[in-house]
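Visitor: here is a sequence together with a model predicted from it:
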Amino acid sequence: MHPVAILGSGFGLYGYLPALAAGGATPILLPARYRERFTQRPELARFADAIVWTRDEDDALRTATGVVLALAPEMQCNRLAECLHYDNLQYLLLEKPLAPNPKSAAGWHARLVESGKAFRVAYVFRFLDWSDELRAFCAAAGGAGLITIRWHFLAHHVRFAVDTWKRQNRLGGGAIRFYGIHLIALLAELGYAAVSSSQSAGDATDEIDRWQAVFTGADLPECEVEVDCTAPYGTFSISAEAPAVARLAIRRDDPFGDITPPLPGADDRRVRPLIRFCQSVFNGVGEETVHLAAIELWQAVEAANTRNALRPHPPNQC
C-alpha cells in the first residue's frame, strides 16, 4: 500500500484521483477543503471509499508516503521545497513543466536526485500508443528521412479568454513550456539532443501561442515540430518517411485520441496514460537521465528560439 496525497483540486481530482485509484494506490489523502470541489463532480463519487480526508495539505503530507503535486509551476516549486524535507515522502509525482523555466527546472532536478526520493514528471506522451510507433520508426530509419509532427488546437484559455498562468511564458505557460514540453521530453527520450531552429509567436509580450522547431539527433531522422494552441481546428498528426522504411502516418483529433462526446461518468481521456505514469514511480526503475535529457533539450530550444518570426495561420492542411 502507498498512501498518496494529492495537492491540487482541479486536475488533481478529475485526473490523478481516478488514475491513482485504478492503479491501486490507497488510501488517497485529500485536504478537507477539496471536499466541495469533489462533491461538485458526481463522476468522482465512486472513489469516495478510497479517500481519507485530512485537516489540511500539511496534514496530508505528514501522513503519506507519496504525493501528487498537480499545481501551477511556481506553486509546485514552493510545495516541492517542503516535500523534500518530509522523510516519510518516498515518491513524488510532479506536473510538467517541473518549474517555470528550464534553468529553474535543472536546479530542481538536481535537488530531486540528491534527495534520493523516487520521482516522475508527467511527460505522459511516452505512454500513448502512437509513441511506440514513432519509437519503432526512429529505430528503423537509421538516421535517414524526415519526421513532421503537427499539433493544432484551440486552448481552453484562448477559446474562453481566461486569464491564467497557462498563457504566460514567464510562469511556465504557452506553446513551448506548457504544451510543447510534452513533445520535447518525448524527443529527448528518443535521443534527440540538438535544435537546428526554433521560432515562436504570440499576440502579447509574455505569450507564446505558436511554435515551430527542428530537432536533430545521432542516427535519427530530422524532426520538425509545430504547436499552435490558437488554431480554429483541432488535429494531431505525425508524418514520417525514410528510405526502406514503411511510411508512418498518424492522425488524431489530439494526442490523446479522437474527441467524441463524453459518456456520463466517463473518466477524462488523459486518465489512461496517467495510470501508467503513476504506476511507474512505484516500480523502482530510475528515470533520472530521461528527465535530465528533457530539461537539456528544453534549454536548447529556448536558447535557439526567435520570437515573433512566424507567418499567420496556415490553412487546415495537417
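Guide: On my side now, so go ahead.
Visitor: show me the shaky parts of the protein.
Guide: Within the chain, the stretches with pLDDT under 70 are 1, 259-265, 284-288, 309, 311-318.
Visitor: again, 80 this time
Guide: 1-2, 258-266, 283-289, 309-318 (pLDDT under 80).
Visitor: identify the residues contacting the residue nearest to H182 when sequence neighbours are not counted.
Guide: Distances taken as Cβ to Cβ, 6 or more residues apart in numbering place F125 nearest to H182, at 4.8 Å, with adjacent residues excluded. Using the backbone N, CA and C atoms, a C-beta is placed for each residue, glycine as well. With contact taken as Cβ atoms under 8 Å, 6 or more residues apart in numbering, F125 is in contact with 131, 182-183, 185-186, 255, 273.
Visitor: just A193 next, same as before
Guide: For A193, the contact set (Cβ under 8 Å, 6+ apart) comprises 216-218, 293, 296-297, 300.
Visitor: quick check: it vs G143, distance?
Guide: A193 sits 13 Å away from G143 when distances are taken as Cβ to Cβ, to the nearest Å.
Visitor: for the longest strand anywhere in the chain, packing partners?
Guide: If you go by DSSP state E, the chain has its longest strand at strand 230-242. Where contact means 3 or more Cβ pairs under 8 Å, 6 or more residues apart in numbering; DSSP states H and E, strand 230-242 is packed against helix 129-141, strand 146-154, strand 245-252.
Visitor: who does it pair up with?
Guide: Next to strand 230-242 in the sheet, as set by DSSP bridges, lie strand 146-154 (antiparallel), strand 245-252 (antiparallel).
Visitor: in CSV: those, plus mean neighbour count and distance to S237.
Guide: CSV is the format used below for the strands paired with strand 230-242 (neighbours: other Cβ atoms under 10 Å; distance: least, Cβ to Cβ, whole Å):
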stretch, mean neighbour count, distance to S237
strand 146-154, 20, 5
strand 245-252, 15, 5
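Visitor: save the ones you listed as a markdown table, and put in distance to R46 too.
Guide: Formatted as a markdown table, these follow (distance: least, Cβ to Cβ, whole Å):
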| stretch | distance to R46 |
| --- | --- |
| strand 146-154 | 30 |
| strand 245-252 | 28 |
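Visitor: among those, which is nearest A50?
Guide: Set against A50 and scored by Cβ to Cβ, the strands paired with strand 230-242 come closest in strand 245-252, at 31.2 Å.
Visitor: what's the closest one in contact with?
Guide: 130, 133-134, 137, 140-141, 144-145, 147, 235-241, 258, 318.
Visitor: including distance to A32, could the helices and strands packed on strand 230-242 go into CSV?
Guide: CSV is the format used below for those (distance: least, Cβ to Cβ, whole Å):
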stretch, distance to A32
helix 129-141, 38
strand 146-154, 36
strand 245-252, 39
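Visitor: go through the ones you listed and name the closest to A204.
Guide: So among the helices and strands packed on strand 230-242, strand 146-154 is nearest, using Cβ to Cβ, at 16.8 Å.
Visitor: so how far is that closest one from its chain's centroid?
Guide: Centroid displacement of strand 146-154 relative to its chain, using Cα atoms, centre = their mean, to the nearest Å, is 16 Å.
Visitor: what angle do it and helix 129-141 make?
Guide: Angle of strand 146-154 versus helix 129-141, following axes from the mean of the first three to the mean of the last three Cα atoms, to 10 degrees, is 160 degrees.
Visitor: quick one, helices of the protein?
Guide: Along the chain, counting by DSSP state H, helices occupy 11, 17-22, 35-39, 57-63, 73-83, 102-115, 129-141, 156-159, 174, 181-190, 271-281, 288-304.
Visitor: the residue lying farthest from the centre of the chain and G145, how far apart?
Guide: Distance from the C-alpha centroid of the chain peaks at A244, with 33.2 Å (Cα atoms, centre = their mean). A244 sits 10 Å away from G145, going by Cβ to Cβ.
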